[in-house]
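Enquirer: I'll drop the sequence and a predicted model, then ask my questions.
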Amino acid sequence: MRLVPTLLLVIAAVFLPAAAGAQELVPAGPSFRAEVEPDLLGRRGPAIVGWLYNDHTFSVSNVRVRVDVVDAGGQTLTSGEGWVYGNVPAGGRAYFFVPVPRYGAGYRVAVLRFDRLQFE
């Protein structure tokens, strides 16, 4: 009976510190910023997930992002590209999932392209 609480304590000690400090807010280009973290529980291999914030005064669509995986010195190790899901409203945010070859000490997000939405 004592094994279960001890096991839960060990699991919490291993996963909670990583989850608590995992999210990082990084600039992602002019008028964009991103909140990123590694998808440690994913079944499809290494990936970075997060939210892209749109600080423009207009909505955007078809947003393509690149995630650079960096080491502790800030040097790029590898990168991956993916799409932001759906439209990103002005002043709003949208979710993204980007597969990467490996995890690193940090991540940089860059918006590669987007379409400005015009409403009449």
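Expert: Sure thing, it's come through.
Enquirer: Enumerate the helices of this structure by residue range, in sequence order.
Expert: Listed in chain order, the helices of the chain (DSSP state H) span 3-20.
Enquirer: Show me what counts as buried in stretch 74-85.
Expert: 79, 80, 82, 84 (16 or more other CB atoms under 10 Å). In this view, the C-beta of every residue, glycine as well, is placed from N, C-alpha and C.
Enquirer: where's the last one relative to residue 77, distance?
Expert: Plainly put, residue 84 is 23 Å away from residue 77 if you go by CB to CB, to the nearest Å.
Enquirer: Give me the phi and psi angles of residue 45.
Expert: phi 100, psi -180 (degrees, to the nearest 10).
Enquirer: Then residue 42?
Expert: Torsion angles, degrees, to the nearest 10, at residue 42: phi -70, psi 150.
Enquirer: Residue 104 now?
Expert: Taking degrees, to the nearest 10, you get phi -140, psi -170 for the backbone angles of residue 104.
Enquirer: Not counting sequence-adjacent ones, nearest residue to it?
Expert: The shortest distance from residue 104 to any non-neighbouring residue, by CB to CB, 6 or more residues apart in numbering, is to residue 69 (3.8 Å).
Enquirer: out of the buried residues of stretch 74-85, who's nearest residue 59?
Expert: Here the nearest of these to residue 59, counting by CB to CB, is residue 84; it sits at 12.0 Å.
Enquirer: give me the beta-bridge partners of the closest one?
Expert: residue 96 (DSSP bridges).
Enquirer: Does it touch residue 54 like I think?
Expert: No - counting by CB atoms under 8 Å, residue 84 does not reach residue 54; the two are 9.3 Å apart.
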